[in-house]
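Engineer: 3D model of this:
(chains A, B, C and D)
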Number of protein chains: 2
Amino acid sequence: MSGPAKGAVSKSRQQSRDADATKARILDAAEEEFARNGLLGARTEDIAAKTGVTKAMIYYYYHSKENLYQAVLERALVSRIRQAQEINIDSLGALEALKTLVIQIVDNSSKNTNLPKIMLYEAIQNKGKYYKEVGAVSWYGVLIKILERGMATKVFRKLDPTHTAVNIVGLCVFYFCARENIKHLWPGQNLLGEEMLEQHKQDALDFIVAGVRA
Amino acid sequence: MSGPAKGAVSKSRQQSRDADATKARILDAAEEEFARNGLLGARTEDIAAKTGVTKAMIYYYYHSKENLYQAVLERALVSRIRQAQEINIDSLGALEALKTLVIQIVDNSSKNTNLPKIMLYEAIQNKGKYYKEVGAVSWYGVLIKILERGMATKVFRKLDPTHTAVNIVGLCVFYFCARENIKHLWPGQNLLGEEMLEQHKQDALDFIVAGVRA
DNA sequence: GTCTATAACCTGATAGAC
DNA sequence: GTCTATCAGGTTATAGAC
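Structural biologist: Okay, here's the model as predicted:
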């Protein structure tokens, strides 16, 4: 705290011994490991190996595996929540706002397949213990508001906004979460390839729009 | 192998020492444990405790944890696949057949929440290694056939049957898999209570029917 | 068929040198 | 800040008595 200012990086080179860089690299590796195996199954040894440091560094920076897990969750969720909240329902209208959010979900899930998996692990393995603490529920608030707006303006049919919000998310992310199971339905295809992703996005959009429209 | 025939259970009492009963009880306990923690995270000690026998019995009957896991998967899936294949698309028509299958999914998922979780663990943790071996893909064949029939008879809109099938399943089961995360959306409500389940079933049905109809 | 005991291994976390 | 070494606890799987 009383050392040289963070911004003043005047030393010639410091490939190693860079706290912030190391912390970020640990977070990246941890996110992938937690997505693969969950909080319980994740191995700190593997996270360290993927980061390129030793296990001790993880405990030096994050004190415990659980603590590291929460840091991963928070970093991943905060940006998504903000992104969703930036959608302007008033200017877009309910239908366009819904489409925008659905595209956000699908694009984020394909650009980084870790978060959907982590969220499901969180639900099944940890019973949502850390989910609430991060305020992830507020993300659903955006979607629910869009659905309510659509009902009010008669663009959407009469529906239960909360249940429908959950169902929409399930429709969007199941493709990514169950990917390794359902891949046999498309032999020889890469489910994360450009054409398949575009197809999923379009099919999800069509389905959802048809499903909620008045 | 050369002992008394299996059917001839003439001994007075055998509350313990009943191979078939013990094996079945182990399978029940294992299914729950695998649903909670996946193949990797499941503890044979816990399965034994829940069964009421010792850990050694599990290895006596199933040889390994992996073997037990496959037995659980097979037992759970075979009945579901048969149940789905019994739907008569010709006599019901595409729309009614679809509704019937959706109700099967939701009812099965609420009567036994283990299978959806195990399937997701299987995909994420095991990369679908055991999924294919059990022939689970054939379950999707039923749903895909229903969707194709509906398109042919102009009851359903033009859609990609495979993608839509996956999306329908996701819409149905996400509610159960993410339950512990999304429960905060309904404070004080039991998501597996009768009213909530009925609501989810109806919302899923309405959404899906509206989403695929011509 | 069921149990007890134990082998062989792995993992989270810490201490202490540099 | 980063590493090596290590402990304490827990896990799969087996051997052998009953």
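
Engineer: Tell me the residues of chain A that contact DNA strand C?
Structural biologist: By the rule Cβ under 7 Å from any atom of the strand, the part of chain A lying against DNA strand C is A:Ala42, A:Arg43, A:Thr44, A:Glu45, A:Lys55, A:Ala56, A:Tyr59, A:His63, A:Ser64, A:Lys65, A:Glu66. Where C-beta positions appear, they are placed from N, C-alpha and C, glycine not excepted.

Engineer: just the residues you listed that are near DNA strand D?
Structural biologist: Checking these against DNA strand D by Cβ under 7 Å from any atom of the strand, the ones in range are A:Lys55, A:Ala56.

Engineer: Highest neighbour count among the residues of chain A next to DNA strand C?
Structural biologist: The most neighbours of any of the residues of chain A next to DNA strand C, using other Cβ atoms under 10 Å in any protein chain shown, belong to A:Ala42, which has 21 neighbours.

Engineer: If we ignore the residues flanking it in sequence, what's nearest it?
Structural biologist: In space, A:Ala42 comes closest to A:Glu33 once its chain neighbours are excluded; the distance is 4.7 Å by Cβ to Cβ, 6 or more residues apart in numbering or on different chains.

Engineer: what comes up buried for stretch A:98-112?
Structural biologist: For stretch A:98-112, the neighbour count (16 or more other Cβ atoms under 10 Å in any protein chain shown) marks A:Leu98, A:Lys99, A:Thr100, A:Leu101, A:Val102, A:Gln104, A:Ile105, A:Val106, A:Asn108, A:Ser109, A:Ser110 as buried.

Engineer: Just checking, which helix or strand succeeds the helix ranked longest in chain A along the chain?
Structural biologist: Across chain A, the longest stretch assigned as helix under DSSP state H is helix A:19-41. The first helix or strand that comes after helix A:19-41 along the chain, using DSSP states H and E, is helix A:44-51.

Engineer: After that following helix, which helix or strand is next? Please name it.
Structural biologist: Counting by DSSP H and E, the element after helix A:44-51 in chain order, helix or strand, is helix A:55-62.

Engineer: Is the most centrally placed residue in chain A within a helix or a strand, and which one?
Structural biologist: Relative to the mean C-alpha position of chain A, the nearest C-alpha, by Cα atoms, centre = their mean, is the one of A:Leu115, at 3.4 Å. Under the criterion of DSSP H and E, A:Leu115 resides in helix A:114-124.

Engineer: I'd like to know which elements that helix is packed against.
Structural biologist: Of the remaining helices and strands, those touching helix A:114-124 by 3 or more Cβ pairs under 8 Å, 6 or more residues apart in numbering or on different chains; DSSP states H and E are helix A:19-41, helix A:65-85, helix A:94-111, helix A:129-133, helix A:161-177, helix B:114-124, helix B:161-177, helix B:179-182.

Engineer: what comes into contact with it?
Structural biologist: Outside helix A:114-124, the residues that touch it by Cβ atoms under 8 Å, 6 or more residues apart in numbering or on different chains are A:31-32, A:34-36, A:38-39, A:72-73, A:76-77, A:80, A:108-109, A:128-131, A:136, A:173, A:176-177, B:35-36, B:117, B:120-121, B:124, B:177-182.

Engineer: quick one: average pLDDT of stretch A:41-57?
Structural biologist: Averaging pLDDT along stretch A:41-57 gives 96.

Engineer: now stretch A:88-101
Structural biologist: The average pLDDT within stretch A:88-101 is 98.

Engineer: What is the end-to-end distance of it?
Structural biologist: Stretch A:88-101 stretches 11 Å from its first residue to its last (Cα to Cα, to the nearest Å).

Engineer: again with stretch A:170-188
Structural biologist: 25 Å.

Engineer: That stretch and chain B in contact?
Structural biologist: Yes: contact of stretch A:170-188 with chain B (Cβ under 8 Å from any Cβ of the partner chain) involves A:170-175, A:177-186.

Engineer: Are any of those residues buried, and if so which?
Structural biologist: Under a neighbour-count criterion of 16+ other Cβ under 10 Å, the subset of the residues of stretch A:170-188 next to chain B counted as buried comprises A:170-175, A:177-183, A:185.

Engineer: What is the nearest of those residues to B:Lys23?
Structural biologist: Closest approach between these and B:Lys23, by Cβ to Cβ: A:Asn181, at 26.7 Å.

Engineer: ok, how many other residues are close to A:Ile118?
Structural biologist: A:Ile118: 25 surrounding residues under other Cβ under 10 Å.

Engineer: Check A:Asn126 too.
Structural biologist: Around A:Asn126 there are 18 other residues, counting by other Cβ under 10 Å.

Engineer: secondary structure class for it?
Structural biologist: Per DSSP: H, G, I helix; E, B strand; the rest coil, the secondary structure class of A:Asn126 is coil.

Engineer: before we move on, the earlier item: same list, the residues of chain A next to DNA strand C, but as TSV with distance to B:Lys23 please.
Structural biologist: Formatted as TSV, the residues of chain A next to DNA strand C follow (distance: Cβ to Cβ, whole Å):
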residue	distance to B:Lys23
A:Ala42	33
A:Arg43	33
A:Thr44	37
A:Glu45	36
A:Lys55	41
A:Ala56	46
A:Tyr59	43
A:His63	45
A:Ser64	40
A:Lys65	36
A:Glu66	37
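
Engineer: before we move on, back to that, from the chain's centroid, how far away is the longest helix of chain A?
Structural biologist: Averaging C-alpha positions (Cα atoms, centre = their mean, to the nearest Å) puts helix A:19-41 14 Å from its chain's average.

Engineer: send the alpha carbons of that helix over as CSV?
Structural biologist: Listed in CSV are the C-alpha atoms of helix A:19-41, where the atom choice follows Å, rounded to 0.1, in the frame of the first residue of the first chain:
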residue,chain,number,x,y,z
ALA,A,19,1.1,-9.2,-9.3
ASP,A,20,-1.9,-7.9,-11.3
ALA,A,21,-0.9,-9.9,-14.4
THR,A,22,-0.4,-13.1,-12.4
LYS,A,23,-3.7,-12.6,-10.6
ALA,A,24,-5.6,-12.2,-13.9
ARG,A,25,-3.9,-15.2,-15.4
ILE,A,26,-4.9,-17.2,-12.4
LEU,A,27,-8.5,-16.1,-12.8
ASP,A,28,-8.5,-17.1,-16.5
ALA,A,29,-7.2,-20.6,-15.7
ALA,A,30,-9.5,-21.0,-12.7
GLU,A,31,-12.5,-20.0,-14.8
GLU,A,32,-11.8,-22.8,-17.2
GLU,A,33,-11.0,-25.3,-14.5
PHE,A,34,-14.2,-24.5,-12.5
ALA,A,35,-16.2,-24.7,-15.7
ARG,A,36,-14.8,-28.2,-16.3
ASN,A,37,-15.1,-29.7,-12.9
GLY,A,38,-17.0,-27.3,-10.6
LEU,A,39,-15.9,-25.9,-7.3
LEU,A,40,-15.6,-29.4,-5.7
GLY,A,41,-13.9,-31.1,-8.6
